[in-house]
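A.B. asks: Give the three-dimensional model of this entry:
(2 chains)
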Amino acid sequence: MTILYLLIPLSLVLLGLAVWAFFWAVNSGQFDDLDSPAWRILLDDEKRPPPAPGESEEPDDERDA
Amino acid sequence: MASAPGACFHCGEPLTGREPWTVRLEDADRPVCCPGCKAVAEFIRDTGLADYYEYRTAPGLKPAPELDDTDAQWLAFDRPELLEQVSSPLGDDRRECSLLVEGVRCAACSWLIEKSLGSLPGVTEARVNPATARARLVWDPARVRLSRLLSALSRLGYRPHPGGAASAEIAEAERRRALRRLGVAGLGMMQVMMFAVALYAGAFQQMDEGLERFLRLVSMAVATPVVLYSGFPFFAGAARDIRAGRPGMDVPVAIAVGGAWVASVFHVLSGQGEVYFDSVTMFVFFLSLGRFLEMGARHRAGDTRDSLARLLPDLARRRAGGDWEDVPVRELAAGDRVLVRHGETVPADGRVSGSGGRFDESMLTGESRPVQRRDSDMAVAGSVNLGEPVEVLVERTGGDMLVSSMARLLERAQAERPPVALAADRVARWFVTSVLLAAAGVYLYWLQAAPDRAFEITLAVLVVTCPCALSLATPAALTAATNFLARHGLLVTRGAALERLAGADYAVFDKTGTLTRGRLRVVGVHPVGNTDPDRALALAAALERASEHPVARAFRDIAPAGEAKVSVVPGQGLEGHIAGTDYRLGRPDFAAALSGVTPPVPESEATVLLLADRSGPLALIEVADDARHGTARDLAALRDLGLALEIASGDREMPVAAVAATAGVECWAANQSPEAKLARIRRLQGEGHTVVMVGDGVNDAPVLAGADVSVAMGGGTALAQTSADLVLLGDTLGPLPLGVRIARKTRRVILENLAWAAGYNLVALPLAAIGLIQPWMAAIGMSASSLLVVLNALRLSRDPAPAGPQPATLAGEAGA
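C.D. replies: Numbers count the residues shown, from 1 in each chain, chains lettered A, B, ... in the order given. Okay, the predicted model is just below:
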């Protein structure tokens, strides 16, 4: 069972990584909105809305920037 | 699925089925309630975004009637100094703006906004967070102007507030901090549990001693950050409570967490005795989870500063020399002259100059009739000008305004809320004192009997009486009930309010906006002969423009058919001259007298107006301030639950009596000022009643704050919502009886939990005090009692309840 002396510290390192990743995710706003991303994948289809009335059409290469 | 039959397709307001407006969408005519909703729905359809209706989970915001004027009002935001205030440069020619968007209700709303704005040239990013209603826009000022984005937003039926996102940012920071603490607690709890299982198993199977000490050390290493970081709010809260001299629930929590942690660390370092890291981390995690959920509900209900901001316009038109300029409202000072046009909100308290005009002060007073203000009368900030443009000489701004004093009245009422001590807090105070006394007594006794065991046994007493179960008893039940109610249309912003709701025996309702929609509407047009109903409405609107009668407001958002010369015949109706023809509008006998031909008048609860010219009757128009859908049924349900009902309204006697009769409420009072309502509630409380107040207006906010339990309508003003304990999310009072039922069930669960936890502690304390409790027994007992309490609370989230009304969707209607 001596292998535990190695494996458990390793798991703690992983835990530390997980906490770090979680903090990064929270701070970069990944958890700010938990509702709309689930919908977005359904809604983001090929149907592209035309621009609002009175607006001339332009190539929209930067739409998803 | 017959999803919300007879409801406006866009905003979900119930229809009478006689509205003349429809929108053609996916080969079907969808009924809508007003021209505003029609315009928004058509705009959404024409921009190819009709998918919104399929995916939304909440109905849209009813747009303001003055849709045609939207473009011009945003132009001011293009001025450099104002642009500088509400947005910031990104460095690469682009600018960034953070704004609050009123009316964002679900994920489909944010999709609609992102799609629509994202397709404008020059917009590189449009993100909307539906939870906080905060939007972030990044655009290239050289290619598109901010005013263009803002007017696009308002065309979609939302109301943008540039620069109004400050408190949303504070809320976001708070949420992130709480989420980090929760995450650490959750990850730490899982790890410590794993080590704990190994330790428990090892205790029965003769674990290697070195390994055991190692596992305990590792548990300590993981649990310590959980206690110190995730548990920090509890320690801070306990310190605050003790300084204030009022030990609340944070004190036993802090003692439990701190005591169990100190004991465990002591045992790890000394190498003997049990460790309780698993219980401690689980405890911290569940408590943090409960607080996190409660915080989310509070944020959704909003913030007082925001609500005041939303009540006032963003911009005011100030006289600068001989010209007018648009300035942010906060820059106004006493002595400025501002111009308030038709349909605009007065930005600051001031004196009307010139001929004066009519103002809608219903937001402030609850009075549904417009108020006439003549030369040098006071116009109140937040009221809406219904007449001609007027100039207002600003007298009071900022904190001196009537609206602000309303907010102060609200704060005071909140502070003076009758101290209904919560069951948990009462138990906590009693419990903390007795545990500390017992521990001190045990320590003193063992100091004389066996000094070497004194510290160890005292710790055992503190740990075994760890009030984990006791302090989880209330929050676990409240969390489960809160979640359940939120799914059924009742948002609980302060968990403790549920305890008071359970004991409520008296409910006071506001009338305008609560029992009724607060607005007269045209509910039906019956053409006589081959009159075009739209034409009839336009003629009626032109005639009603000149009237100050409440009925005239029903026609406010209908485009009039030209100018009319009108004379008012009091109590009868209007007589007018439009484009060469004489018309009469009013009581059927009065209007029919013009031609002598009387059409059959249908039986109706609404007010029926007849439009006629000299050749004969043209159309019958029905106008009503309809009661909310199902109000009588919901009130009956409340009465069945044993609540006495009463209506207290700021409105005149006639309409209040009518509504009371329809709703089946016998006890009512009209002409009530906010102070009078508050006094009435205080009197009821003095008689020993626990009072629920349901209201929606700004004038109700202080009253709401003074009641034992306050309920705001979801469609009401934001200020009322922030002062309310509960917010009804839907458009009916339906969830309220459900809330009372669940609150009572919650109280039962809490009592069961408290009884169990207190019983466990009462049995364990003497055993530990005489040194009989084996450490492993204490650990298992502690975890098991906490678990039992949590499981008992979870029963609350399984209550079979009727599903709430769903908003109309394309899919739902297609399947009907």
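
A.B. asks: Which pLDDT value belongs to residue 58?
C.D. replies: Because you didn't say which chain, this covers chain A. In this prediction, A:E58 carries a pLDDT score of 42.

A.B. asks: not quite, I wanted chain B
C.D. replies: So B:A58 comes in at 68 (pLDDT).

A.B. asks: State the helix or strand in which B:V522 lies.
C.D. replies: Using DSSP states H and E, B:V522 sits in strand B:521-527.

A.B. asks: Does anything pack onto that strand? Which helices or strands?
C.D. replies: helix B:533-544, strand B:616-624 (3 or more C-beta pairs under 8 Å, 6 or more residues apart in numbering or on different chains; DSSP states H and E). Just so you know, the C-beta spots here come from the backbone N, C-alpha and C atoms, and that holds for glycine as well.

A.B. asks: Next, give phi and psi for B:R587.
C.D. replies: With angles defined as degrees, to the nearest 10, B:R587 sits at phi -60, psi 140.

A.B. asks: For it, which residues are in contact?
C.D. replies: If a contact means C-beta atoms under 8 Å, 6 or more residues apart in numbering or on different chains, then B:R587 has B:Q572, B:G573, B:L609, B:L610 as its contacts.

A.B. asks: out of these, who's nearest chain A?
C.D. replies: The shortest approach to chain A among those belongs to B:L609, at 35.7 Å (C-beta to the nearest C-beta).

A.B. asks: quick one, what contacts the closest one?
C.D. replies: Listed by C-beta under 8 Å, 6+ apart, the contact set of B:L609 reads B:A540, B:V551, B:G573, B:L585, B:G586, B:R587, B:P588, B:A591, B:L620, B:I621, B:E622, B:V623.

A.B. asks: Would you mind giving the residues you listed as a markdown table with pLDDT added?
C.D. replies: Compiled in a markdown table, those are given as follows (pLDDT from 0 to 100):
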| residue | pLDDT |
| --- | --- |
| B:A540 | 85 |
| B:V551 | 72 |
| B:G573 | 78 |
| B:L585 | 86 |
| B:G586 | 82 |
| B:R587 | 80 |
| B:P588 | 81 |
| B:A591 | 84 |
| B:L620 | 86 |
| B:I621 | 85 |
| B:E622 | 80 |
| B:V623 | 77 |
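
A.B. asks: Closest to chain A out of those residues?
C.D. replies: Distance to chain A across these (C-beta to the nearest C-beta) is lowest for B:A540, with 29.7 Å.

A.B. asks: okay, now that closest one: neighbour count?
C.D. replies: Residues lying near B:A540 (other C-beta atoms under 10 Å in any protein chain shown) number 29.

A.B. asks: State whether it and B:L618 are indeed in contact, as I suppose.
C.D. replies: No. The criterion here is C-beta atoms under 8 Å, and B:A540 misses it with B:L618 at 9.2 Å.

A.B. asks: which residues are in contact with both of these two?
C.D. replies: Here B:A540 and B:L618 share the contacting residues B:L611, scored by C-beta under 8 Å, 6+ apart.

A.B. asks: ok, longest helix in chain A?
C.D. replies: If you go by DSSP state H, chain A has its longest helix at helix A:4-27.

A.B. asks: Show me what it is packed against.
C.D. replies: Judged by 3+ C-beta pairs under 8 Å, 6+ apart, the packing partners of helix A:4-27 are helix B:166-204, helix B:209-225.

A.B. asks: Go ahead and name everything in contact with it.
C.D. replies: Here helix A:4-27 makes contact (C-beta under 8 Å, 6+ apart) with A:31, B:176, B:179-180, B:183-184, B:187, B:191, B:211, B:214-215, B:218, B:221-222.

A.B. asks: same question, stretch B:632-640
C.D. replies: Residues outside stretch B:632-640 that contact it (C-beta under 8 Å, 6+ apart): B:A507, B:L645, B:T662, B:A663, B:G664, B:V665, B:T732, B:L733, B:G734, B:L736, B:P737, B:V740.

A.B. asks: Report the contact partners of the first one.
C.D. replies: B:A507 makes contacts with B:L638, B:L643, B:A644, B:L645, B:E646, B:V691, B:V692, B:M693, B:V694, as judged by C-beta under 8 Å, 6+ apart.

A.B. asks: Quick one: low-confidence residue ranges for the stretch 101-250 of chain B.
C.D. replies: Low-confidence segments of the stretch 101-250 of chain B (pLDDT under 70): B:105-106, B:131, B:163-168, B:246-249.

A.B. asks: Whichever strand or helix holds B:V338 pairs with which strands, and in what direction?
C.D. replies: Assigned by DSSP H and E, B:V338 belongs to strand B:337-340. Neighbouring strands of strand B:337-340 in its sheet, by DSSP bridges, are strand B:315-320 (antiparallel), strand B:390-396 (antiparallel).

A.B. asks: would CSV of those with mean neighbour count and mean pLDDT be doable?
C.D. replies: Output for the strands paired with strand B:337-340, formatted as CSV (neighbours: other C-beta atoms under 10 Å in any protein chain shown; pLDDT from 0 to 100):
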stretch, mean neighbour count, mean pLDDT
strand B:315-320, 19, 82
strand B:390-396, 20, 86
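
A.B. asks: Select, out of the ones you listed, the one closest to B:R56.
C.D. replies: Relative to B:R56, the nearest member of those by C-beta to C-beta is strand B:315-320, separated by 30.1 Å.

A.B. asks: for the contacts of B:L609, which one is nearest B:V435?
C.D. replies: Nearest to B:V435 among these, with distances taken as C-beta to C-beta, is B:V623, at 66.4 Å.

A.B. asks: tell me which residues form a beta bridge with the closest one?
C.D. replies: B:V522, B:T607.

A.B. asks: Quick one: distance of stretch B:173-188 to the chain centre.
C.D. replies: For stretch B:173-188, the distance from its own C-alpha centre to the chain's C-alpha centre is 25 Å (C-alpha atoms, centre = their mean, to the nearest Å).

A.B. asks: Which positions within that stretch qualify as buried?
C.D. replies: Within stretch B:173-188, the residues scored as buried using 16 or more other C-beta atoms under 10 Å in any protein chain shown are B:175-176, B:178-188.

A.B. asks: ok, and the most crowded of the contacts of B:A507?
C.D. replies: B:M693 (30 neighbours).

A.B. asks: rewinding a little: the contacts of B:A507 in strands, which ones?
C.D. replies: Among the contacts of B:A507, DSSP state E puts B:A644, B:L645, B:E646, B:V691, B:V692, B:M693, B:V694 in strands.

A.B. asks: Can I get those residues in CSV including pLDDT and distance to B:R683?
C.D. replies: Below are those laid out as CSV (pLDDT from 0 to 100; distance: C-beta to C-beta, whole Å):
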residue, pLDDT, distance to B:R683
B:A644, 90, 14
B:L645, 91, 16
B:E646, 91, 11
B:V691, 91, 10
B:V692, 91, 15
B:M693, 90, 13
B:V694, 89, 18
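
A.B. asks: Tell me the secondary structure at B:A381.
C.D. replies: Applying DSSP: H, G, I helix; E, B strand; the rest coil to B:A381 yields a three-state assignment of coil.

A.B. asks: Revised request: answer the last question for B:G562.
C.D. replies: Following three-state DSSP, B:G562 is assigned to coil.

A.B. asks: Can you get me a residue count around it?
C.D. replies: Residues within reach of B:G562, counting by other C-beta under 10 Å, total 10.

A.B. asks: Quick check: pLDDT value at it.
C.D. replies: For B:G562, pLDDT reads 75.

A.B. asks: And B:P65, by the same measure?
C.D. replies: Looking at B:P65, its pLDDT is 50.

A.B. asks: For B:R95, give its distance to chain A.
C.D. replies: 15 Å (C-beta to the nearest C-beta, to the nearest Å).

A.B. asks: Which residue, other than its chain neighbours, is closest to that residue?
C.D. replies: B:S87 (4.7 Å; C-beta to C-beta, 6 or more residues apart in numbering or on different chains).

A.B. asks: Am I right that that neighbour is in contact with B:P80?
C.D. replies: No. Using C-beta under 8 Å, B:S87 makes no contact with B:P80, being 10.9 Å away.
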